[in-house]
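model this:
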Amino acid sequence: MRRFPARARLPLLAALLLSPLITPEMAWAVPMPEKPEVAGDALSPALTSSTQIWDAVQALPDGRLILEAPGWLGNPTPQLSVSAKGAAPTPYPNSRWNTDAGDPAQRFVAITGMTLASDGSLWVIDSGVPDREKPPVAGPKLIQIETQNNTVQRVIELSPNVLRHGSVLGGIAIHGNTAYVPDSGDAGLVVVNLDDGSAQRFLDHVQALTAGRPITTPSGTVKAPDGRPIAIDASLIAISPDGQWLYVQPYCGPLYRIATSLFDDPDSTNTALQESATLWYKTHALGGLTVGPDGTLYWSDVTTGSIDSYTPGRIPHHLITDPRLRWPGGASLSGNTLYVPASQLDQAARFQNGHATVQWPVTVYALHLPDDATSDVLRK
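Numbering: from 1, shown residues only. A predicted model of the protein is given here:
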């Protein structure tokens, strides 16, 4: 990234400090309520699997569910599948893209995130790293899938210049012609121009993107095969509906907010960018982060087995805690229903001395929010 004289950053910093969107009253977040807002009967099974660990789900406008089953968890193919109205999942967009062999440019190597763009297309990030403990087998790429005709529209192979030793790109947020992809292996943020495929890297090793503690669950600290506690850099990311704010956090938390305008400002210095990340909420370890059309954030809390929400006005809502939510993963909001997989990710073989202890089936749950949960209640 270009470097600019110190004087070039003064107007930018002044604008940030004087911005009416960050007021003194907003500096202190309200604690998360202890009492959940919905009872256990609001959580119902939507789909199950006895063979795959689904770590994320994406609801399409027509009611279909896209399911992510990454290979690094020991899953059999497919890595990406689709289910219509509870029917058995089938490979998505087709079997060829879900094969284990062949040209890496024409198949999924290691899916690490997906998101639905405003035009209805599904964007997938493929890190090219099937095993975090081993070197990559292919370069990272973005895949755009047209969900109406279920075909791959574009493949954007990312330049090696935006990678570092140990990079594992994971998570994706999109607004307009820009994609934001965090690096969970060597903390940083890759910003991709979707028009021409060019990419830049920002925020290397800043606190907002760097894991500062291990991941904990109700059963304890999650450890790697060699016994070391696992700490994963930024992999959870979401963007506000207007595209102004990027929400990002390392897997362990906490959650930060960054103004996206800084990435387009030619006067943005490295120092200004580093200082731009605002601590937004002291979250636990999260398995998923998504944003609703009104800007409300929804997250799945791995540490407590909960689903919570957080309004643009920084009002937290504890929606539900349920023993069925064992490592709740990447969630997706459809109307007043939030779909979330109870992935049991920490029970995968790589975290259990090579022997999976998953209690099958893995279940995607539908959390039926109160009628006013996405409007007045979350803005009161």
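
use CA for all of it now, contacts and neighbours both
OK.

and the pLDDT for G212?
Confidence at G212, expressed as pLDDT, is 93.

and if you look at T269?
For T269, the predicted pLDDT is 78.

so where do the helices sit in the stretch 251-380 of the chain?
Assignment of helices within the stretch 251-380 of the chain using DSSP state H, counting those that start in this stretch yields the ranges 270-276.

would you map the strands across it?
255-259, 278-281, 286-291, 297-301, 306-310, 316-321, 332-334, 337-342, 362-368 (DSSP state E, counting those that start in this stretch).

can you check the stretch 51-200 of the chain too?
56-59, 65-68, 80-83, 90-91, 111-116, 122-126, 141-146, 151-157, 173-175, 178-183, 188-193, 199-202.

residues in contact with I258?
W245, L246, Y247, V248, S276, A277, T278 (CA atoms under 8 Å, 6 or more residues apart in numbering).

quick check, the fourth one in contact with Q207.
No. Because the distance of 11.1 Å does not satisfy CA atoms under 8 Å, V248 is recorded as not touching Q207.

rewinding a little: so for D126, which of the strands of the stretch 251-380 of the chain sits nearest?
strand 286-291 (17.4 Å; CA to CA).

who's more crowded, V248 and Q207?
V248 (29 against 20; other CA atoms under 10 Å).

how many residues are close by S219?
9.

for A349, same thing?
16.

picking up where we left off before, dump the contacts of I258 to CSV, plus pLDDT and distance to G197.
Below are the contacts of I258 laid out as CSV (pLDDT from 0 to 100; distance: CA to CA, whole Å):
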residue, pLDDT, distance to G197
W245, 97, 22
L246, 97, 20
Y247, 98, 23
V248, 97, 22
S276, 85, 25
A277, 93, 25
T278, 94, 29
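
helix or strand: which one has the residue most central in space within the chain?
The centroid of the chain falls nearest to L236 when counting by CA atoms, centre = their mean (3.5 Å). Using DSSP states H and E, L236 maps to strand 234-239.

alpha carbons only: can I get that strand in PDB?
Taking C-alpha atoms only, strand 234-239 is exported to PDB below (Å, rounded to 0.1, in the frame of the first residue of the first chain):
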ATOM      1  CA  ALA A 234     -10.000 -12.800  11.600                       C
ATOM      2  CA  SER A 235     -12.400 -15.000   9.800                       C
ATOM      3  CA  LEU A 236     -15.800 -13.500  10.800                       C
ATOM      4  CA  ILE A 237     -16.900 -10.600   8.700                       C
ATOM      5  CA  ALA A 238     -20.200  -8.800   7.700                       C
ATOM      6  CA  ILE A 239     -21.000  -5.400   6.100                       C
END
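
who does the following helix or strand past it pair up with?
Moving toward the C-terminus from strand 234-239, the next helix or strand (DSSP H and E) is strand 245-250. Take DSSP bridges as the rule and strand 245-250 pairs in its sheet with strand 234-239 (antiparallel), strand 255-259 (antiparallel).

next one: strand 245-250 to chain centre, how far?
9 Å (CA atoms, centre = their mean, to the nearest Å).

leaving aside the residues adjacent along the chain, what's closest to T221?
I215 (5.9 Å; CA to CA, 6 or more residues apart in numbering).

return the residues in contact with the one you found.
Counting by CA under 8 Å, 6+ apart, I215 has contacts T221, V222, P229, I230, A231, Y251, C252, A285, T303.

got the confidence number for the third one?
It stands for P229. 91.

so what's it up against?
So P229 contacts P214, I215, T221, V222, K223 (CA under 8 Å, 6+ apart).

circling back: deepest of the strands paired with strand 245-250, which one?
The highest mean neighbour count among the strands paired with strand 245-250, using mean count of other CA atoms under 10 Å, belongs to strand 234-239: a mean of 28.

all set now, cheers.
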